[in-house]
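Undergrad: no FASTA, just this:
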């Protein structure tokens, strides 16, 4: 898989749409597992654990937000084969 960056990396210190991204690369920079929460307004769409030092890709609607703390580093991406 090849990744195209769509913005600059930030963190999830506060809830973020990650630049209204549709696909987000999430990296857990901490030594412990962290919980990632996806919301649509105040409604929780879902949660998942991001293991220490792992990368996950999250598909979301542009207005949906992600939360999880400063240890989760995020960037909007596109992918292609």
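TA: Received the coordinates, thanks. What you are looking at is a predicted structure, and each value in this text was computed from that prediction instead of being measured.

Undergrad: only C-alpha atoms for contact and neighbour calcs from this point on.
TA: Fine.

Undergrad: Quick check: neighbours of the lengthiest strand in the chain in the sheet, parallel or antiparallel?
TA: Looking across the chain with DSSP state E, the single longest strand is strand 69-80. On the basis of DSSP bridges, the sheet neighbours of strand 69-80 come out as strand 2-5 (antiparallel), strand 10-12 (antiparallel), strand 23-28 (antiparallel).

Undergrad: quick one: which of those strands is nearest residue 45?
TA: strand 23-28 (15.2 Å; CA to CA).

Undergrad: what sits up against the closest one?
TA: The contact list for strand 23-28 (CA atoms under 8 Å, 6 or more residues apart in numbering) reads 18, 34, 50-60, 71-78.

Undergrad: Just the buried residues of those residues.
TA: 18, 34, 50-52, 55, 58, 60, 71-77 (16 or more other CA atoms under 10 Å).

Undergrad: ok, those residues vs residue 5, which is closest?
TA: Of these, the one sitting nearest to residue 5 (CA to CA) turns out to be residue 77, at 4.7 Å.

Undergrad: Please tell me how far the closest one sits from residue 57.
TA: Distance of residue 77 to residue 57, computed by CA to CA, to the nearest Å: 9 Å.

Undergrad: who does the most centrally placed residue in the chain bridge with?
TA: Central residue of the chain (CA atoms, centre = their mean): residue 26, 4.2 Å from the mean position. Note on residue 26: beta-bridge partners by DSSP bridges are residue 56, residue 74.

Undergrad: measure it to residue 76 for me?
TA: 9 Å.

Undergrad: Quick check: bridge partners of residue 44?
TA: Going by DSSP bridges, residue 44 forms beta bridges with residue 39.
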